[in-house]
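Asker: coords below, sequence missing:
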């Protein structure tokens with residue numbers, strides 16, 4: 001059933017059908033029609049997680065001071081003008097509200113139609129509220145954060161009954177530099193305001209916001225490049241200047257490297273960086289000056305790699321050894337790739353990975369491009385021909401308790417197969 005098309009013609013009828021579908025699914029009985037896959041998978045997560053569909057669970061609101069602090073430190077504050085320009089004027093006319101939540105599902109901004117804002121208060125849809133999927137059920141803020149793609153949730157597609165009078169369309173906002181989830185933007189309103197084009201509209205504005213973040217990053221690197229130019233001109237040897245996140249602004253005497261993996265807390269002095277080896281690090285306005293010192297001894301100690309995939313919407317790799325430790329949040333695709341390599345320690349060829357990811361062994365060009373990006377921060381810890389973790393590295397893979405919660409966004413046949421074959425609990 002095409003819910004959006006039916007709802008555009010007859011919202012009340014569509015809501016009634018969805019209520020029957022939801023009730024049958026919760027009772028373990030055959031439904032009149034199948035729910036959409038993204039909704040059914042979310043419902044399954046809610047049932048496994050013990051979310052009560054008949055009780056409104058509202059976690060404690062953040063204090064106004066904490067909301068203000070999060071606003072001031074969130075990268076989303078930079079794209080609010082884009083979101084407001086693209087969404088608010090139409091949202092107000094259409095009796096919608098725009099809601100922006102951070103990566104933890106906390107509502108930080110909420111604007112739009114005043115009557116709808118008052119109705120939202122009755123749902124606990126207010127500033128500082130926690131709208132993670134595993135707290136309040138399937139919804140337009142929490143579910144896009146889990147599956148990492150735009151999702152529209154209409155009427156009784158919401159898992160918790162009290163939200164069935166609403167329609168929501170949300171899109172994740174990610175850091176264009178590394179795919180890290182920054183938050184979700186959502187347009188919500190009463191049931192009768194639903195329109196099939198809303199999701200595409202919200203997704204388009206979210207992409208404009210990400211493009212603005214990309215422009216801002218390019219501008220900051222350009223400013224750092226201007227600072228770096230006279231410094232590098234005076235130096236001999238191999239050196240580069242990077243921003244606080246390791247993105248390269250300029251290099252001297254060495255090949256260009258797009259990004260360098262930096263420790264969690266970098267400080268000045270001699271350091272060991274995975275892609276460069278022994279280095280001398282000095283602070284620079286807006287970044288760091290890194291000079292290689294290859295004649296210094298290599299720190300000893302075994303290397304340990306921890307790939308953490310336990311959370312539904314945040315995945316990371318942490319490396320520790322004799323030279324200290326560093327961690328990096330992973331984009332969905334890199335989490336998928338590193339999971340496959342951790343599960344196959346003997347290695348996977350480009351063709352194997354193409355089959356695992358796309359069901360098409362011929363898509364090796366895409367695989368090699370992604371693996372090249374992964375090796376920029378894992379360096380010698382990731383070998384190739386075949387692709388694999390270094391033999392002398394200890395690799396620990398942390399997975400969700402239920403295999404069906406593994407990388408819920410993933411479309412890779414190898415991962416989907418594992419999720420669907422997992423026994424019911």
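Answerer: Nice, thanks for sending it over. From a predicted model like this one, the values you see are computed outputs, not experimental measurements. Numbers count the residues shown, from 1 in each chain.

Asker: quick one: residue 168 is in a strand?
Answerer: Yes: counting by DSSP: H, G, I helix; E, B strand; the rest coil, residue 168 falls inside a strand.

Asker: I'd like to know how far it sits from residue 120.
Answerer: Distance, residue 168 to residue 120, by CB to CB, to the nearest Å: 11 Å. (C-beta placed from N, C-alpha, C; glycine too.)

Asker: same deal with residue 351?
Answerer: With distances taken as CB to CB, residue 351 is found 51 Å from residue 120.

Asker: Who has more neighbours out of those two?
Answerer: Between residue 351 and residue 120, counting by other CB atoms under 10 Å, residue 120 is the more crowded of the two (22 against 15).

Asker: what does the helix or strand hosting the more buried one contact?
Answerer: Using DSSP states H and E, residue 120 falls within helix 114-122. Outside of helix 114-122, the residues within contact range by CB atoms under 8 Å, 6 or more residues apart in numbering are 95, 96, 97, 99, 110, 126, 188, 189, 190.

Asker: now do 7 Å
Answerer: By CB atoms under 7 Å, 6 or more residues apart in numbering, the residues outside helix 114-122 that reach it are 95, 96, 97, 110, 126, 189, 190.

Asker: just checking, the second one touches residue 110?
Answerer: No: in this structure residue 96 lies outside contact range of residue 110 using CB atoms under 7 Å: 11.5 Å.

Asker: Out of the two, name the residue with the larger neighbour count.
Answerer: Neighbour count, other CB under 10 Å: between residue 96 and residue 110, residue 96 has more, with 27 against 20.

Asker: Enumerate the beta-bridge partners assigned to the closest residue in space to the more buried one that isn't next to it in sequence.
Answerer: Nearest residue to residue 96 in three dimensions, chain neighbours excluded: residue 189, at 4.0 Å (CB to CB, 6 or more residues apart in numbering). With DSSP bridges as the criterion, residue 189 is bridged to residue 167.

Asker: Could you check how far residue 189 is from residue 225?
Answerer: Per CB to CB, residue 189 is found 45 Å from residue 225.

Asker: The two - which one has more neighbours?
Answerer: Comparing residue 189 with residue 225 by neighbour count (other CB under 10 Å), the higher total belongs to residue 189, at 23 against 16.

Asker: hang on, the earlier thing: make TSV out of the contacts of helix 114-122 and add pLDDT.
Answerer: What follows is the contacts of helix 114-122, written out as TSV (pLDDT from 0 to 100):
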residue	pLDDT
95	85
96	90
97	93
110	95
126	92
189	90
190	86
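
Asker: now, among those, which is nearest to residue 292?
Answerer: residue 110 (49.1 Å; CB to CB).

Asker: so residue 183 bridges to which residues?
Answerer: Per DSSP bridges, residues listed as beta-bridge partners of residue 183: residue 102, residue 173.

Asker: Correct me if wrong: it contacts residue 104.
Answerer: No: Residue 183 lies out of contact with residue 104 (CB under 7 Å); the separation is 8.6 Å.

Asker: what residues are up against residue 21?
Answerer: Residue 21 neighbours (CB under 7 Å, 6+ apart): 31, 32, 33, 35.

Asker: cool, and residue 181?
Answerer: Counting by CB under 7 Å, 6+ apart, residue 181 has contacts 103, 145, 172, 174, 313, 314.

Asker: please redo it, this time with the cut-off set to 6 Å
Answerer: Contacts of residue 181 were listed using CB atoms under 6 Å, 6 or more residues apart in numbering, and they are 103, 174, 313.

Asker: Buried members of those residues into ChimeraX, please.
Answerer: The following ChimeraX line selects those of the contacts of residue 181 that are buried, judged by 16 or more other CB atoms under 10 Å:
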select :103,174,313
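
Asker: what residue ranges in this protein score low on pLDDT?
Answerer: Counting by pLDDT under 70, the chain has low-confidence residues at 1-11, 294-302, 322-325, 419-425.

Asker: And the strands in the stretch 251-400 of the chain?
Answerer: 269-273, 277-284, 287-292, 303-308, 316-321, 324-329, 382-383, 388-389, 393-398 (DSSP state E, counting those that start in this stretch).

Asker: Which of the ones you listed has the highest mean neighbour count?
Answerer: Among the strands of the stretch 251-400 of the chain, ranked by average contacts under mean count of other CB atoms under 10 Å, first place goes to strand 287-292 (a mean of 22).

Asker: Tell me which residues are up against it.
Answerer: Contacts of strand 287-292 (CB under 6 Å, 6+ apart): 224, 238, 239, 240, 241, 242, 243, 276, 279, 280, 281, 282.

Asker: again with stretch 369-385
Answerer: For stretch 369-385, contacts defined as CB under 6 Å, 6+ apart pick out 259, 261, 274, 275, 328, 333, 334, 387, 390, 393.

Asker: Check the separation of the first and last residues in stretch 304-319.
Answerer: Terminal residues of stretch 304-319 lie 6 Å apart, using CA to CA, to the nearest Å.

Asker: Done for today, thanks.
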